[in-house]
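Could you look at this predicted model? Sequence included:
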Amino acid sequence: MIFLNHSFADADVAELIKNDLTSFGHEAKASMYTDVRDYDTDGNVKRIIHKRRNFSKNSEVVINIISSRFFKSSPTVKELNDSILNKSQKIIILALPDSPIPDYLSAFPQFKLKSNDKNEIRDVVSSVSSYINGDRSGISGDITEVNKSENLNDTIDKIKNSMQSGGLTLFCGAGTSYDAGIPTWDKLLENLFEEMLNSMKEGNTNLPYDISTVKASGITKKTSALIIAKYIKNNLKGEFEETLRKALYKDKPTTCKVIDSVIELARPRRDRKAIDSIITFNFDSLFEEQLGQASIAHKAIHSESIKCSPNELPVYHVHGFLPRVKDSDIKSSIVFSEDGYHSQFIDPYSWSNIIQIQKLTQNTCLFIGISLTDPNMRRLLDVAWRKTSDDTASHFIIKKKPATENADAKKFVMYLDEQDANELGLNVIWVNDYNEIPALLKSFLG
C-alpha cells in the first residue's frame with residue numbers, strides 16, 4: 001500500500017498522482033479530509049475546518065507531496081514525522097512546482113514536478129513507480145545536490161522579485177552587527193554587570209562584591225540572560241540607558257560586510273526599487289550611520305509618534321534606539337530585560353507588534369542574524385502565518401549549519417531547526433559560514 005501524505009490545499013494534484021500510481025499497478029490512497037463546520041451563537045457558519053480522517057500506519061510506502069502549504073498543516077507535518085520514525089516504511093519526497101525541498105529531507109529519494117501538467121505528472125509518477133519497484137536508475141547519486149542548487153536559485157529569484165516590486169523587508173538581529181564591533185549579548189551583560197557593581201560601590205564603599213565574585217558565583221551561567229539583564233537594569237536605575245550606550249560603543253564599532261551589503265540593498269537603483277524597510281532588534285545606530293554616509297534618505301523609527309515620508313527608508317527599532325551620540329529629543333523605551341519582553345508580549349496593540357505583523361502579512365521578509373529564540377517574535381510569526389490568506393511560506397531566514405564533524409548529528413540538528421522554521425512560515429537558507437552572508441545578500445541585486 002502506498003500512502004500519499006498531502007495538505008488539503010493539494011488534494012487535486014494528489015488525486016492525479018494517486019490515479020497514475022493505480023494505473024501503474026499500485027494500490028494507493030491519499031489523505032482524506034472531511035469538512036467540519038464551526039458555528040457561531042446565531043447558528044451561522046463561522047469557519048470550515050478540514051479535518052483529516054485517515055493515516056499511513058499500515059502503508060509500506062509514504063509519498064510526501066511537498067508544497068509550501070504542506071508545512072501549514074499540522075496533521076500533515078505530524079504524518080511526515082511519524083513516517084520518518086517508522087523504520088519499516090519507505091519515504092519518498094515528491095515536490096510540487098516552485099516548492100523547495102527542506103535540507104532535512106535530503107536523506108530520502110526526491111522527485112520534483114516542473115509543472116502541474118497531467119503529462120508531466122504522469123512522467124514523474126512513472127519514475128516514482130519504477131523506484132518503488134526497485135529500479136534505482138531514475139535516482140542519480142547527485143540528485144540531492146542538484147535539488148539544493150535549484151532550491152537556492154529559486155529562493156534568490158523569489159527574493160529578487162520581491163525587491164523589484166518594492167516588497168522586501170529585512171529583519172535584522174545581533175548577528176548583523178557582530179563583525180562591526182558591537183559586543184555579543186554575553187559580553188554586553190558582563191560589561192554591564194561590572195558597571196553595575198561599580199555603581200553600587202559608589203553608594204556603599206563597604207560593598208564586598210566585585211566582578212571576580214560574580215564569576216565565582218557562576219550566576220551568569222545558572223540564570224537566564226533576561227533575568228540577569230533585569231538585575232542590571234534594576235540596580236543601575238537612572239544610569240541604565242547611558243551605561244548601556246557606553247557599553248554598546250565601547251570598541252568604537254563602525255560597519256562590517258553584512259551591514260555594507262544591507263546598505264547596497266537599500267540603495268535605490270534605476271532598474272529596480274530598494275528594500276521596503278528594515279526591522280532591527282538592535283539598539284545601535286550603525287544602520288543609520290552607514291545609510292547617512294551613503295546619502296540614502298532614511299528615518300529611525302522607535303515609537304509610534306515618529307513618521308517617515310515616502311522617499312525615506314524606515315528603520316524600525318522595535319526594541320528601542322540608543323544612537324552613538326545622545327540626543328535629548330529621542331525618548332525610546334528599551335526592551336532589554338524580562339519585564340520589557342513581557343510588556344511586548346502582553347500588549348498585542350503596541351506599535352512594534354503591529355508593524356511587525358503588518359510587514360509579515362504584506363511583504364516578503366528576510367531574517368538575518370536572528371536565532372528565533374525571542375518568544376514574542378515566535379508568537380508574531382505564528383500569528384502572521386495563521387492570518388495570511390496565502391498558504392505560501394514567503395519568508396526566509398539565513399541560518400548557519402551546525403558546527404559539528406558528526407554528519408548524522410548535523411543532519412539531526414538541521415532537521416529540527418528547519419522543521420521549526422517551516423512551521424513558523426519560514427524557508428531556511430543554509431550557509432556553511434557567516435562570512436558567506438554578504439555575497440548571498442548581494443546576489444539579490446541580480
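Alright, I've got the coordinates. Numbers count the residues shown, from 1 in each chain.

Touching, Ser83 and Gln89? I think so.
Yes: using C-beta atoms under 8 Å, Ser83 is in contact with Gln89, at 5.3 Å. Using the backbone N, CA and C atoms, a C-beta is placed for each residue, glycine as well.

In terms of neighbours, single out the busier of the two.
Ser83 (23 against 17; other C-beta atoms under 10 Å).

In three-state terms, label the residue located most distally from the centre of the chain for me.
Distance from the centre of the chain peaks at Asn206, with 48.8 Å (C-alpha atoms, centre = their mean). Using DSSP: H, G, I helix; E, B strand; the rest coil, the structure places Asn206 in coil.

cool, Ser88 as well?
Strictly by three-state DSSP, Ser88 counts as coil.

Once you drop chain neighbours, what's closest to it?
Leaving aside its chain neighbours, Ser88 sits nearest to Glu60 (7.8 Å; criterion: C-beta to C-beta, 6 or more residues apart in numbering).

For burial, what's the neighbour tally of that neighbour?
Applying other C-beta under 10 Å, I find that Glu60 has 13 neighbouring residues.

roughly how far apart are it and Val77?
According to C-beta to C-beta, to the nearest Å, Glu60 and Val77 sit 21 Å apart.

Who are the contact partners of Lys401?
Lys410, Met414, Trp430, Val431, Asn432 (C-beta atoms under 8 Å, 6 or more residues apart in numbering).

Flag whichever of those scores worst on pLDDT.
Within the set of the contacts of Lys401, pLDDT is lowest for Lys410 (81).

circling back: could you double-check that the residue nearest to Ser88 lies in contact with Ile2?
Yes: using C-beta under 8 Å, Glu60 is in contact with Ile2, at 7.3 Å.

Of the contacts of Lys401, which belong to strands?
Trp430, Val431 (DSSP state E).

Quick check: the farthest pair among the contacts of Lys401?
In the contacts of Lys401, two members sit farther apart than any others by C-beta to C-beta. They are Lys410 and Val431, at 13.6 Å.

can I see the domain layout of this protein?
2-139, 156-180+254-443, 185-248 (automatic domain parsing).

quick one, phi/psi of Val428?
phi -90, psi 130 (degrees, to the nearest 10).

neighbours around it, how many?
Neighbour tally, Val428, other C-beta under 10 Å: 21.

Okay, and the beta partners of it?
Ile397 (DSSP bridges).

Is it in contact with Asp417, as I believe?
Yes: using C-beta under 8 Å, Val428 is in contact with Asp417, at 7.0 Å.

Which neighbours do the two have in common?
Lys399.

can you give me the strands in this protein?
Secondary structure of the chain (DSSP E): strands at 2-5, 28-30, 33-39, 45-52, 61-66, 90-95, 110-112, 168-172, 277-280, 298-301, 313-317, 364-368, 395-400, 426-431.

From the contact counts, what lies against the first one?
Same thing as strand 2-5. On a contact count with 3 or more C-beta pairs under 8 Å, 6 or more residues apart in numbering; DSSP states H and E, strand 2-5 meets helix 11-23, strand 28-30, strand 61-66, helix 74-85.

Please repeat the previous calculation with a cut-off of 6 Å.
helix 11-23, strand 61-66 (3 or more C-beta pairs under 6 Å, 6 or more residues apart in numbering; DSSP states H and E).

What of the fifth one?
Judged by 3+ C-beta pairs under 6 Å, 6+ apart, the packing partners of strand 61-66 are strand 2-5, strand 90-95.

Could you pull up the mean pLDDT of the last one?
For strand 90-95, the per-residue pLDDT values average out at 90.

Ok, stretch 252-265 next?
Here the average pLDDT along stretch 252-265 is 95.

contact partners of it?
Stretch 252-265 is contacted from outside by 176, 179-182, 275, 286, 290, 294, 437-438, 441-442, using C-beta atoms under 6 Å, 6 or more residues apart in numbering.

Show me where the stretch 101-250 of the chain dips below the pLDDT cut-off.
Residues of the stretch 101-250 of the chain that meet the criterion pLDDT under 70 lie in 136-150.

where along it do the helices fall?
Ranges of helices in the stretch 101-250 of the chain, per DSSP state H, counting those that start in this stretch, are 118-132, 143-164, 185-203, 211-217, 219-222, 225-236, 240-248.

Could you identify which of the helices and strands packed on strand 61-66 is most buried?
Of all these, strand 2-5 has the most neighbours on average by mean count of other C-beta atoms under 10 Å, namely a mean of 25.

Extract the C-alpha trace of that strand and format it as CSV.
What follows is strand 2-5, C-alpha atoms only, in CSV (Å, rounded to 0.1, in the frame of the first residue of the first chain):
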residue,chain,number,x,y,z
ILE,A,2,1.2,3.5,-0.9
PHE,A,3,0.0,6.4,1.1
LEU,A,4,0.0,10.0,-0.2
ASN,A,5,0.6,12.5,2.6
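
Relative to it, what are the paired strands and their orientations?
Here, using DSSP bridges, strand 2-5 pairs with strand 28-30 (parallel), strand 61-66 (parallel).

Just put those strands in JSON lines and tack on mean neighbour count.
Formatted as JSON lines, those follow (neighbours: other C-beta atoms under 10 Å):
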{"stretch": "strand 28-30", "mean neighbour count": "19"}
{"stretch": "strand 61-66", "mean neighbour count": "25"}
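
Which among those strands is found nearest to Trp351?
Closest to Trp351 of the strands paired with strand 2-5 is strand 61-66 (C-beta to C-beta; 37.5 Å).

Next, the angle from that closest one to strand 90-95.
Taking axes from the mean of the first three to the mean of the last three C-alpha atoms, to 10 degrees, one finds strand 61-66 and strand 90-95 inclined to each other by 20 degrees.

how far does strand 61-66 sit from the chain's center?
Distance of strand 61-66 from its chain centroid, counting by C-alpha atoms, centre = their mean, to the nearest Å, is 25 Å.

what's the answer for stretch 7-21, then?
Distance, centroid of stretch 7-21 to centroid of chain: 29 Å (C-alpha atoms, centre = their mean).

Please identify the buried residues of it?
Buried positions in stretch 7-21, judged by neighbour count with 16 or more other C-beta atoms under 10 Å: Ser7, Phe8, Ala9, Asp10, Ala11, Val13, Ala14, Ile17, Lys18, Asn19, Asp20, Leu21.

Next, name the residue at the spatial heart of the protein.
Residue closest to the chain centre, computed by C-alpha atoms, centre = their mean, is Ile397 at 4.1 Å.

Do I have it right that that one meets Cys365?
No: using C-beta atoms under 6 Å, Ile397 is not in contact with Cys365, being 8.9 Å away.

Now stretch 360-372: buried residues?
Applying 16+ other C-beta under 10 Å to stretch 360-372 flags Leu360, Thr361, Asn363, Thr364, Cys365, Leu366, Phe367, Ile368, Gly369, Ile370, Leu372 as buried.
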